[in-house]
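Participant: got a structure for you, letters missing:
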């Protein structure tokens, strides 16, 4: 992570992020769970059973693609 990168907590505190989550009906606990599972998969800690409901704005946040 870059030194100037915001933490997940800081991102989730941003009003625009809250608005996007509300518009997509994304629960913070669910989002944190998805991020945890994705991180585990990337690090090779767990790779089985990952399913993600990527709504458009979450897909944009995670991949940079709409």
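Facilitator: Cool, the structure landed. Computed from a predicted model, the values in this text were never measured in an experiment. Numbering: from 1, shown residues only.
Participant: From here on, just use CA atoms for contacts and neighbour counts.
Facilitator: OK.
Participant: Flag every buried residue along the longest helix seen in the chain.
Facilitator: If you go by DSSP state H, the chain has its longest helix at helix 28-42. Neighbour-count burial for helix 28-42 flags 31, 34, 37-38 (criterion: 16 or more other C-alpha atoms under 10 Å).
Participant: And residue 16, how far from residue 23?
Facilitator: Distance of residue 16 to residue 23, computed by C-alpha to C-alpha, to the nearest Å: 10 Å.
Participant: Just the endpoints, please. Distance across stretch 4-19?
Facilitator: End-to-end for stretch 4-19, by C-alpha to C-alpha: 24 Å.
Participant: residues of it that come out buried?
Facilitator: 12, 18.
Participant: quick one: average confidence on that stretch?
Facilitator: Averaged across stretch 4-19, pLDDT comes to 89.
Participant: what does stretch 30-49 give?
Facilitator: The model assigns stretch 30-49 a mean pLDDT of 73.
Participant: quick one: the helices in the chain?
Facilitator: 8-13, 15-23, 28-42, 56-63.
Participant: Is it possible to get CSV of the buried residues of helix 28-42 that adds distance to residue 4?
Facilitator: Shown next, in CSV, are the buried residues of helix 28-42 (distance: C-alpha to C-alpha, whole Å):
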residue, distance to residue 4
31, 22
34, 23
37, 24
38, 22
